[in-house]
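Engineer: I would like the atomic coordinates for the input below:
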Amino acid sequence: MSDEKNKLLVDLEIRIKQVMFLCDSLKDENERLKTEIRTRQTLLDETTKDLEQLKTRYKALKTARTITAASVDVDTAKLKIAKLVREVEKCINLLK
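Structural biologist: Numbers count the residues shown, from 1 in each chain. Got it, this is the predicted structure:
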């Protein structure tokens, strides 16, 4: 009976070591994945910021082209300018 118990103890010890190794491996992988997530989140934030800047620049360029184009309807240009003035006034009022 003693040999059988020893065999069971050795088997249990081996399985415990395997589980511990697996746990360590999973911890390492978890840390690697967290680092990758942080890296990708930073990249996503930068890309989102760049996109917003490009949208702002595009809107400004579009407005500038509308105002300066020779074949533009004058009424359309006046409406866009009036809209811009209203937006600026709203911003000024919010700052007060």
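
Engineer: so where do the strands sit in this structure?
Structural biologist: Counting by DSSP state E, the chain forms no strands at all.

Engineer: pLDDT weak spots in it?
Structural biologist: Counting by pLDDT under 70, the chain shows low-confidence ranges at 1, 67-73.

Engineer: For it, which helix extends over the most residues?
Structural biologist: Ranked by residue count under DSSP state H, the longest helix found in the chain is helix 2-68.

Engineer: shouldn't Lys80 be in contact with Arg65?
Structural biologist: No: with contact defined as Cβ atoms under 8 Å, Lys80 does not reach Arg65; the gap is 10.7 Å. Quick note: C-beta positions are derived from backbone N, CA and C, even for glycine.

Engineer: Tell me which of these two has more neighbours.
Structural biologist: A direct count of neighbours by other Cβ atoms under 10 Å for Lys80 and Arg65 places Lys80 higher, at 15 against 10.

Engineer: picking that back up, which strands and helices lie in contact with the longest helix of the chain?
Structural biologist: helix 74-95 (3 or more Cβ pairs under 8 Å, 6 or more residues apart in numbering; DSSP states H and E).

Engineer: how about the helix it packs on as PDB, C-alpha atoms only?
Structural biologist: The C-alpha trace of helix 74-95 is given here as PDB (Å, rounded to 0.1, in the frame of the first residue of the first chain):
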ATOM      1  CA  VAL A  74     -22.800  84.500 -53.800                       C
ATOM      2  CA  ASP A  75     -25.800  83.700 -51.700                       C
ATOM      3  CA  THR A  76     -24.400  80.300 -50.700                       C
ATOM      4  CA  ALA A  77     -21.100  82.000 -49.600                       C
ATOM      5  CA  LYS A  78     -23.000  84.500 -47.600                       C
ATOM      6  CA  LEU A  79     -25.000  81.800 -45.800                       C
ATOM      7  CA  LYS A  80     -21.800  79.900 -45.000                       C
ATOM      8  CA  ILE A  81     -20.100  83.000 -43.600                       C
ATOM      9  CA  ALA A  82     -23.200  83.900 -41.600                       C
ATOM     10  CA  LYS A  83     -23.200  80.300 -40.200                       C
ATOM     11  CA  LEU A  84     -19.600  80.600 -39.200                       C
ATOM     12  CA  VAL A  85     -20.200  84.000 -37.500                       C
ATOM     13  CA  ARG A  86     -23.100  82.400 -35.500                       C
ATOM     14  CA  GLU A  87     -20.800  79.600 -34.400                       C
ATOM     15  CA  VAL A  88     -18.100  82.000 -33.300                       C
ATOM     16  CA  GLU A  89     -20.700  84.000 -31.400                       C
ATOM     17  CA  LYS A  90     -21.900  80.900 -29.700                       C
ATOM     18  CA  CYS A  91     -18.400  80.000 -28.700                       C
ATOM     19  CA  ILE A  92     -17.800  83.500 -27.300                       C
ATOM     20  CA  ASN A  93     -21.000  83.300 -25.300                       C
ATOM     21  CA  LEU A  94     -20.000  79.900 -23.900                       C
ATOM     22  CA  LEU A  95     -16.700  81.400 -22.800                       C
END
